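Novice: sequence and predicted structure, then a few things I'm wondering about:
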Amino acid sequence: MPAAPQRAAAGCRPRWEVADVFRIYGDDYRNRYPLPAAHRKVMHAIEVCRTEALGGHLERCDFCGFERSCFHSCRNRHCPKCGSHATEEWLHAQKAELLPVGLCVVRRYVVFTTERSDLSAHRGS
């Protein structure tokens, strides 16, 4: 397995991200298995998310002058870096709408057979 990509701050991020796997193995996977165009588009978005490919800007501290590059995100809902925040916000909003009660769902089904003549008599025909 290839060496894990270097991270700026050790311990802040997982050793491997989905984007790393897609960048390393994505081309081989796409060549080997036919994928719908939508899947290819998502894979590409995740691969280039927060990289120089999408552009970015430079942040500078007014106090000490420290600078760092901040790259733009793909904003794809399937991206673990971009979409997970939106998903969490959506879940939080949905939970806020729930009533604060316990839920007990009991479903009971009764199946029976009847003669066709009984059914017509019940309908009034």
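Specialist: Received it, and whenever you're ready, just let me know what you need. Numbering: from 1, shown residues only.
Novice: need phi/psi at the residue nearest to the spatial centre of the chain.
Specialist: Among the residues of the chain, the one closest to the centroid is H78, at 3.8 Å (C-alpha atoms, centre = their mean). Main-chain torsions, H78, degrees, to the nearest 10: phi -90, psi -10.
Novice: distance between the ends of stretch 29-37?
Specialist: End-to-end distance of stretch 29-37: 14 Å, with C-alpha to C-alpha, to the nearest Å as the criterion.
Novice: quick one on the thing from earlier: how about the residue nearest to the centre of the chain, what does it touch?
Specialist: Going by C-beta atoms under 8 Å, 6 or more residues apart in numbering, H78 touches 42, 45-46. All C-beta atoms are positioned from the backbone trio N, CA, C, and that covers glycine.
Novice: from Y25, how far out is it?
Specialist: Using C-beta to C-beta, to the nearest Å, H78 is found at 17 Å from Y25.
Novice: quick one: the helices in the protein?
Specialist: Remark: helices assigned in the chain by DSSP state H are 18-32, 37-48, 83-97, 116-123.
Novice: out of the ones you listed, deepest packed?
Specialist: helix 37-48 (a mean of 16; mean count of other C-beta atoms under 10 Å).
Novice: pLDDT on it, on average?
Specialist: The pLDDT scores in helix 37-48 average 96.
Novice: residue ranges with poor pLDDT in this structure?
Specialist: Within the chain, the segments meeting pLDDT under 70 span 1-11, 103-106, 112, 114-125.
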